[in-house]
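Chemist: Requesting a structural model of the entry that follows:
(2 chains)
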Amino acid sequence: MSDNDIKKDGITETPAAAKASEEVGKSADTAKTSEKVEKNADTESPAVTVADESGITVPERFTVSPNPHMRTSDSTRSIMIDVCIALIPALLWGCFVFGLRSLTVVLLTIFCCVVFEALTQLILRRPVTIGDFSAVVTGMLLGLNLPASIPLWVPVIGAGFAIIIVKQLFGGIGMNIVNPALAARVFLFSWPDYMQTFTEPFHRLSLFENMSKSDAVASATPLVSLKSGNLPEVPLFDMLTGNQAGVIGEVSALLLIIGGIYLLIRRVITWHIPVAYIGTVALLSFIFPQAANAVDFMLCEILAGGLMLGAIFMATDYTTSPSTYTGRLIYGCGCGVLTILIRWFGGYTEGVSFAILIMNLFVWYLDKWTRPVRFGGREKTEKKA
Amino acid sequence: MAYTFKGGVHVEEHKNTCKIQTERMPAPPVVTIPMAQHIGKPATPVVKKGDTVLRGQLIGEVTGGALGCPVHSSVSGKVREFKEMLTPQGARVQCCVIENDGLDTLSPDIKPFGKKLSDSTFEEIVEIIRAAGISGMGGAGFPTYAKIQSAKGKVEHLIVNCAECEPYITCNHRLLLEDPAAVINGLKILLWALELRQGDIAVEDNKLDAVNKLEKLTADTPIVNVRVMKTKYPQGDERQLISALYGRDIPAGKLPADVGCVIFNADTCAAIYNAFANGMPLIERPVTVDGDCVRDPKNVIAPIGAPLSSLVEYCGGLKRKPVKIITGGPMMGQAQWDYETPVIKGTSALLVQSKRTAIDYGGQSACIHCGRCLQVCQMYLMPKYLAMFSQAGRIDMCEKYDALSCVECGSCTYICPGHVPITQYIRAAKFKINEQRAAERARIAREQAELAAKEAAAKEAEAKEAGADDAAAEKTAETSAADKTDKTDKTEGKEEK
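Modeler: Next comes the predicted model:
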């Protein structure tokens, strides 16, 4: 019996699964006997034979498949669309503050990501899966992590790096080791001039304007002053609402939190990573304040830079975060500690991207170390001891 | 506060039939009664081809005290033939095909036990239950008399399982509404037999009307407690039930009796009462007929052996083209390929799915590591990693990560947004682990036998040559030493493999 025979019956497609059902079939005590599958495979087409009284035709043999015979309505696609919806407020605010050029940057990044995904999959002869919207999410996150004044060829390179090298060459969705959008962002730091030039808020750039550095009306982000041990000039309220310099998507902490709450309500993410991450940053900056007022300093550390975007949307990326609750808490704390260390002692003013990328590498170990004890396993060890 | 457990998933309920009166369907023209409907020894036929049988008459008996249940005819008529057929569990067993004469003549053997419960002994009650052919009616179908025997003296808690956590199925719910007395009386019989003071009836909180009814009926009987459970799949699993009610976790590979509990299905309790009060063997059972292809979904009392098609016909026939038929609930039920598969003692539901609702395992699937399977797994396993290891052929890792603890409840596959058939991957891994273990056991047994034979031979040789001269004795010693070294090398090599 070949895998193809089974495919015809719609039992399962992946060869491994087909093999599995074949082998399970051999065991006498399970639901499917190999005979059953064989008989099914013998019929070339599920020929219609028996006619019901109502005129509805009944196939002579029905499809057999393993349990369960029900599935939730959630899919990879619906989850990815939820993430996009949660990012839209931040994107719209970015367009409002930095002008329509931000929209161009983000849309171009998304478009390139989707095209690169389709092309790579075609070349690698894999099924094209752009319908799952995962490339859209990658593109959106990468786009929101770029300054509005970036030359338009930069996002194209970034999208290519994210999708082709970080995602597809590692095996596609669910197989990448690090977050594609973040890896691409860090890769784009090869052009620090473009990546570190932040437009002053409400200096709106027009749709397709070609930017030179002086045009961008560069402004220092609050993180720069934090690094030098001073509280930034930007008032806290402006940092919360988004009247500050920065990349397109990170400026308004409030809208990012709203997006995060939407994701929590839709159960796309759990609270563990964002709370552990932001909590660790808050705690460390409160205990070791680098400026006069500890509370203000703590709030600035939380609201400035990419922490909200990173903690809510990037660190919670499924593939590159642990699956156990304990693992997620440790992962979040790790991200927080690394962020603070890089912000205070590193060469860059921002540490979120590097912190998350480093913690990405520990995901398997965190899952392994925090593996739950199986049901009834505890009792047994107690009895032994 | 409703009792509950950690993990699990709230599955869409689809309890469409919970407000519709149960109906008794007329017996179909032909019934096919399998001689083995559950674990244990198949029954040996006691009737021949051409014999006339009556409703409730014994047609198959288990001899020699082996584990197994007798089988009775569900109709009156003539035995047409004995043939091999697939049961809903996928086993190929001998089945008795009976042509129904439509008269429903009851067998004269059926008469009430006659004694009061307080006068009957444990052995008498067990024999009534065994002779009535009662096996667990929740799905697994373990012979009930054997369960009682093994629980006697060991258990302190008795639970009647009416959780009915599977979607669609409402036959227990309807039973509690329409004939709660049978369940309570069945429970009382069991309590008497097991010498227990109290029994719990566990009902999920989506059946509060049934809970109210039970509470009213049991208000003056302190020995029966109604426990309200939170609606969550798989609340009806014995492990979760015991864990939720008494906080006891059954260790891997152990049974409820090992933590002092025994669980019976509500239908089983009603059947026990029916056997005790009326002498009626288990020849019919309520079945929920539902699914988007069935015109009038409802609960029917179907004779054992009725083909699945006759149940659908009784429920108004089909309204859409069916693709999949499932016996049991949609989470743990088995897909059937034949429309004529008979109803057996463990068939609680029949679902007919069209293309709209039948899920297709052939589509694209990819794990996105969302971790939901870990959150819903009530055995606290890591389903996504087990599936990955199974896919990669790393059976050793599957074993290390407790694949054998998986109960195949299907929650992980249900919740998976990546549409990965996780349960099936784990099932395949379990099968391979068991295969390897069996091979390992066989190898050890074989080697021990070989070693024993060799040692015996060596001793014999020693004894023989004891009288011979020294040089010869030395030589023998050398050879046997060399032999032994060879042997150890071999064993080590094998172990490494």
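Chemist: Quick one: the helices in chain B, in order.
Modeler: Ranges of helices in chain B, per DSSP state H, are B:122-131, B:144-151, B:171-178, B:180-194, B:208-217, B:238-246, B:266-278, B:308-314, B:372-376, B:383-391, B:395-400, B:411-415, B:422-465, B:470-496.
Chemist: for the fifth one, packing partners?
Modeler: The reference is to helix B:208-217. Secondary-structure packing of helix B:208-217 (3 or more C-beta pairs under 8 Å, 6 or more residues apart in numbering or on different chains; DSSP states H and E): helix B:171-178, helix B:180-194, strand B:199-204, strand B:224-229. Placement of C-beta: from N, CA and C, glycine included.
Chemist: what's the offset of the first one from the middle of its chain?
Modeler: Once both centres are worked out by C-alpha atoms, centre = their mean, to the nearest Å, helix B:171-178 turns out to sit 21 Å from its chain's centre.
Chemist: Can I get it as CSV, trimmed to CA atoms?
Modeler: Backbone C-alpha positions of helix B:171-178 (Å, rounded to 0.1, in the frame of the first residue of the first chain) are rendered in CSV as follows:
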residue,chain,number,x,y,z
CYS,B,171,-28.2,10.2,25.6
ASN,B,172,-27.1,10.4,29.2
HIS,B,173,-28.7,13.8,29.6
ARG,B,174,-32.0,12.5,28.3
LEU,B,175,-31.8,9.4,30.5
LEU,B,176,-31.4,11.6,33.5
LEU,B,177,-34.4,13.6,32.5
GLU,B,178,-36.6,10.8,31.5
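Chemist: Run through who's touching that helix.
Modeler: Residues from elsewhere that reach helix B:171-178 (C-beta atoms under 8 Å, 6 or more residues apart in numbering or on different chains): B:15, B:17-18, B:20-22, B:162, B:164, B:182-183, B:203, B:207, B:209-210, B:213-214, B:265-267, B:270, B:285-288, B:299, B:348-349.
Chemist: Now list the buried members of those.
Modeler: B:15, B:17-18, B:22, B:162, B:164, B:182-183, B:203, B:207, B:210, B:213-214, B:265-267, B:270, B:285-288, B:299, B:348-349 (16 or more other C-beta atoms under 10 Å in any protein chain shown).
Chemist: Whichever residue of the stretch 1-150 of chain B sits closest to chain A and B:Ile344: what is the separation?
Modeler: Closest to chain A within the stretch 1-150 of chain B is B:Gly90: 4.8 Å, counting by C-beta to the nearest C-beta. From B:Gly90 across to B:Ile344, the span is 12 Å (C-beta to C-beta, to the nearest Å).
Chemist: Okay, and the residue nearest the centre of chain A sits in which element?
Modeler: Note on chain A: the residue nearest the mean C-alpha position is A:Asp317, at 3.2 Å, using C-alpha atoms, centre = their mean. Using DSSP states H and E, A:Asp317 sits in no helix or strand.
Chemist: list the contacts for the most centrally placed residue in chain B?
Modeler: What sits nearest the mean C-alpha location of chain B, by C-alpha atoms, centre = their mean, is B:Ala140, with 0.9 Å. Neighbouring residues of B:Ala140 by C-beta under 8 Å, 6+ apart: B:38-39, B:346.
Chemist: quick one: which of those is most hemmed in?
Modeler: Within the contacts of B:Ala140, B:Gly346 tops the neighbour count with 23 neighbours, counted by other C-beta atoms under 10 Å in any protein chain shown.
Chemist: Just the pLDDT for that residue.
Modeler: B:Gly346 carries a pLDDT score of 91 in this model.
Chemist: go on, the one 5 residues further on?
Modeler: Looking at B:Leu351, its pLDDT reads 95.
Chemist: just the one 3 residues further on next, same as before
Modeler: We have a pLDDT of 91 for B:Ser354.
Chemist: ok, the residue nearest to it when sequence neighbours are not counted - contacts?
Modeler: Using C-beta to C-beta, 6 or more residues apart in numbering or on different chains and skipping residues adjacent in sequence, the residue nearest B:Ser354 is B:Arg320, 4.1 Å away. Applying C-beta under 8 Å, 6+ apart, one finds that B:Arg320 lies in contact with A:56, B:292-293, B:354, B:356.
Chemist: State the pLDDT value of residue 234.
Modeler: You didn't pick a chain, so chain A it is. Note for A:Val234: predicted pLDDT of 81.
Chemist: Chain B, not that one
Modeler: Taking B:Pro234 on its own, its pLDDT is 90.
Chemist: Would you pull up the residue in the stretch 51-200 of chain A closest to chain B?
Modeler: Residue nearest to chain B within the stretch 51-200 of chain A: A:Pro68 (3.3 Å; C-beta to the nearest C-beta).
Chemist: what about that residue, which SS state?
Modeler: Of the three states, A:Pro68 takes coil according to DSSP: H, G, I helix; E, B strand; the rest coil.
Chemist: The closest residue to chain A within the stretch 101-250 of chain B - nearest residue in space that isn't next to it in sequence?
Modeler: Residue of the stretch 101-250 of chain B nearest chain A, by C-beta to the nearest C-beta: B:Asp249 (4.1 Å). Leaving aside its sequence neighbours, B:Asp249 sits nearest to A:Gly376 (C-beta to C-beta, 6+ apart; 4.1 Å).
Chemist: neighbours of the one you found, just the number please.
Modeler: 21.
Chemist: Just want the phi and psi numbers for it.
Modeler: Main-chain dihedrals, A:Gly376, degrees, to the nearest 10: phi 80, psi 0.
Chemist: Now for B:Gln57: which residues touch it?
Modeler: B:47, B:72-73, B:107, B:109.
Chemist: ok, and which of those residues reach chain A?
Modeler: For chain A, no contacts are drawn from those by C-beta under 8 Å from any C-beta of the partner chain.
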